[in-house]
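1. with the input below, show me the fold.
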Amino acid sequence: MAVIVFLHAFGSSSRAWRPQIEELGDKHRVLAPDLPGHGAAPGPFSLDEALAAVRRLLRGQAEPVHLVAVSGSVSVALLTALAQPAQVAALVLSGGVARGRRRDSVQRLMLRLMPEGMLVNVLNGPVCRR
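-> Numbers count the residues shown, from 1 in each chain. Now for the predicted structure:
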């Protein structure tokens, strides 16, 4: 049974992966941690803290994992794989950037200011429903 670790976008939470978790959970071991400062994980967020959290998660696995990451968490997945290649069987990366754009800081600020309930409603909207 493969272990798949889903990493959510910054400003989101593991809830964003709910449809994938439900679909793949019967066939694979699926993990979707909240990165620091997101969802149920205490903050604040920093790239170093996110890397440490993912590395702790990987240490507890008996076999290499498949890391799936989107947006900002692409950096976390890639840096994790580079630092611990023996613990990562595969990478699936979508929407990452090598260098942040000026407007990215505006987006991060807006996500920080957005009430959590609004984010939950967005994540639970029609796009995520089966």
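
2. element containing the nearest residue to residue 72 once chain neighbours are set aside?
-> Spatial nearest neighbour of residue 72, excluding adjacent residues (CB to CB, 6 or more residues apart in numbering): residue 10 at 3.5 Å. Using the backbone N, CA and C atoms, a C-beta is placed for each residue, glycine as well. Using DSSP states H and E, residue 10 falls within no helix or strand.

3. residue 23 now?
-> Residue 23 belongs to helix 18-24, assigned by DSSP H and E.

4. that older thread, so the residue nearest to residue 72 sits against residue 38, correct?
-> Yes - with contact defined as CB atoms under 8 Å, residue 10 reaches residue 38; the gap is 7.4 Å.

5. find me the pLDDT at the nearest residue to residue 53 once chain neighbours are set aside, would you?
-> What sits nearest to residue 53 in space, not counting adjacent residues and going by CB to CB, 6+ apart, is residue 36, at 5.8 Å. Residue 36 carries a pLDDT score of 94 in this model.

6. my guess is residue 36 meets residue 46, correct?
-> Yes - using CB under 8 Å, residue 36 is in contact with residue 46, at 7.0 Å.

7. thinking again about what came up before, quick one, phi psi at the residue nearest to residue 72?
-> Torsion angles at residue 10 (phi, psi; degrees, to the nearest 10) stand at phi -60, psi 140.

8. quick one: pLDDT of it?
-> Listed pLDDT for residue 10 reads 90.

9. count of residues packed around it?
-> If you count neighbours by other CB atoms under 10 Å, residue 10 ends up with 22.

10. and the one helix or strand residue 51 maps to, C-alpha only, in PDB?
-> Using DSSP H and E, residue 51 sits in helix 47-59. What follows is helix 47-59, C-alpha atoms only, in PDB (Å, rounded to 0.1, in the frame of the first residue of the first chain):
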ATOM      1  CA  LEU A  47       9.000  27.800   5.400                       C
ATOM      2  CA  ASP A  48      11.500  26.400   7.900                       C
ATOM      3  CA  GLU A  49       8.600  25.300  10.200                       C
ATOM      4  CA  ALA A  50       6.700  23.700   7.300                       C
ATOM      5  CA  LEU A  51       9.800  21.800   6.200                       C
ATOM      6  CA  ALA A  52      10.400  20.600   9.800                       C
ATOM      7  CA  ALA A  53       6.700  19.400  10.000                       C
ATOM      8  CA  VAL A  54       6.900  17.500   6.800                       C
ATOM      9  CA  ARG A  55      10.200  15.900   7.700                       C
ATOM     10  CA  ARG A  56       8.800  14.800  11.100                       C
ATOM     11  CA  LEU A  57       5.900  13.200   9.200                       C
ATOM     12  CA  LEU A  58       8.200  11.400   6.800                       C
ATOM     13  CA  ARG A  59      10.400  10.000   9.700                       C
END
